[in-house]
Every structure is written in structure tokens, then in C-alpha cells.
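>>> when you get a sec, could you give me coordinates for this:
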Amino acid sequence: MGCTDGLQRPRSVATYRHDDGDRVVLLAPPGEAALLTPAAARELAEHLQQQATAIEAGQHARVLPFIRR
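As a prediction, this is how the structure comes out:
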């Protein structure tokens, strides 16, 4: 999603799942500051929520129930 850095230059922020599949990565512009509009902040929050939900769903999918026979 679009943002600007501290000097008002156009930049972007992205989210993705880490290779280990257990963590969310937030990739921000150099300088560790991203200025977001309220709409972009909501979009970022939504992306983070989606990534976290996907990770949790994957973790639950790997859990097999114990069944006694």
C-alpha cells in the first residue's frame, strides 16, 4: 500500500508471510518511518489481520485430532 517517508517521498509498505510460515513480515520504507493516510492505515491493518489469520489457519490445519479406537 502507498505511503510516504519522512521527507514526503512516495514509498510503499507491504506485508507477507515469512518463509518459516509462522510470522508476518512488515516491509516498510528505509528510515523505519512510513506516513500513512487513515485509509492506508486501515488497509495495512486489514492486510496484517489477513496474514495473521492465514498463519493461524495453517497452524490449526497441521494439528491432527487424537482418536482412541
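>>> what does the residue nearest to Ser12 when sequence neighbours are not counted show for phi and psi?
Using CB to CB, 6 or more residues apart in numbering and skipping residues adjacent in sequence, the residue nearest Ser12 is Gly2, 5.7 Å away. In this view, the C-beta of every residue, glycine as well, is placed from N, C-alpha and C. The phi/psi pair for Gly2 (degrees, to the nearest 10) reads phi -80, psi 150.
>>> so Gly2 touches Arg9, yeah?
No - taking CB atoms under 8 Å as the definition, Gly2 is not a contact partner of Arg9, at 11.4 Å.
>>> quick one: the residue nearest to Ser12 from Arg23, how far?
24 Å (CB to CB, to the nearest Å).
>>> work out for me the element Val25 sits within.
Here Val25 is covered by strand 24-27, with elements defined by DSSP states H and E.
>>> from the chain's centroid, how far away is the helix or strand following that strand?
With elements assigned by DSSP H and E, the helix or strand that comes after strand 24-27 is helix 38-61. Distance, stretch centre to chain centre, for helix 38-61: 6 Å (CA atoms, centre = their mean, to the nearest Å).
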